[in-house]
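K.L.:
Make a model of this:
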Amino acid sequence: MNGISPSGNRVVVKPDDVEEVTEGGIVIAPSITESYQNSQTTGTLVSVGPDAWKHTTTKRYRVIDGTLVLVEMETKGYSKPFAEVGNRVAFAKYGGLVVEGSDGEDYRILNDEDITAVVDDQVSFTGLQARKRVSST
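P.N.:
The predicted model follows:
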């Protein structure tokens, strides 16, 4: 247990670990791994607040000829839960609040809207391999 219980529409994600040694055996400096960890965009959904992925409806009324009339209604949110605890998810780069759980691990507290996708284990958004592909094109 990490001691973090999100409120409202917030979720808690455990970012994927950043490798400290490349496949070729090169040790990556701690300052570099810390930078990569802060920019990590995938992780495991570990906890969901009570209002995450629910509809919110905003109604706007106007008085017309002495009568209160509904003139606009806007619904935001999701029709069903987008992700489940245990799913690997993608989220906004540098998004959310980084907190240390009671287990000593770092977590991110994000708004439910900051979760952009559920991803397979093979998907990689950051790290040295992704940066090599971008710089070589």
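K.L.:
Phi and psi next, for residue 5.
P.N.:
Backbone torsions of residue 5, given as degrees, to the nearest 10, read phi -120, psi 110.
K.L.:
show me the contacts for residue 59.
P.N.:
Contacts for residue 59 (C-beta atoms under 8 Å, 6 or more residues apart in numbering) come out as 70, 72-73. Quick note: C-beta positions are derived from backbone N, CA and C, even for glycine.
K.L.:
Format these as CSV; extra columns: secondary structure.
P.N.:
Shown next, in CSV, are the contacts of residue 59 (DSSP: H, G, I helix; E, B strand; the rest coil):
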residue, secondary structure
70, strand
72, strand
73, strand
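K.L.:
Looking at those, which one is closest to residue 3?
P.N.:
Taking C-beta to C-beta as the measure, residue 3 sits nearest to residue 73 out of these, at 39.7 Å.
K.L.:
thought the closest one was touching residue 58?
P.N.:
Yes: Residue 73 lies in contact with residue 58 (C-beta atoms under 8 Å); the separation is 7.3 Å.
K.L.:
pLDDT score assigned to residue 120?
P.N.:
Residue 120 is assigned a predicted lDDT (pLDDT) of 87.
K.L.:
Find the nearest non-adjacent residue to it, please.
P.N.:
Nearest non-adjacent residue to residue 120, counting by C-beta to C-beta, 6 or more residues apart in numbering: residue 88, 7.2 Å away.
K.L.:
give me the beta-bridge partners of that neighbour?
P.N.:
residue 44 (DSSP bridges).
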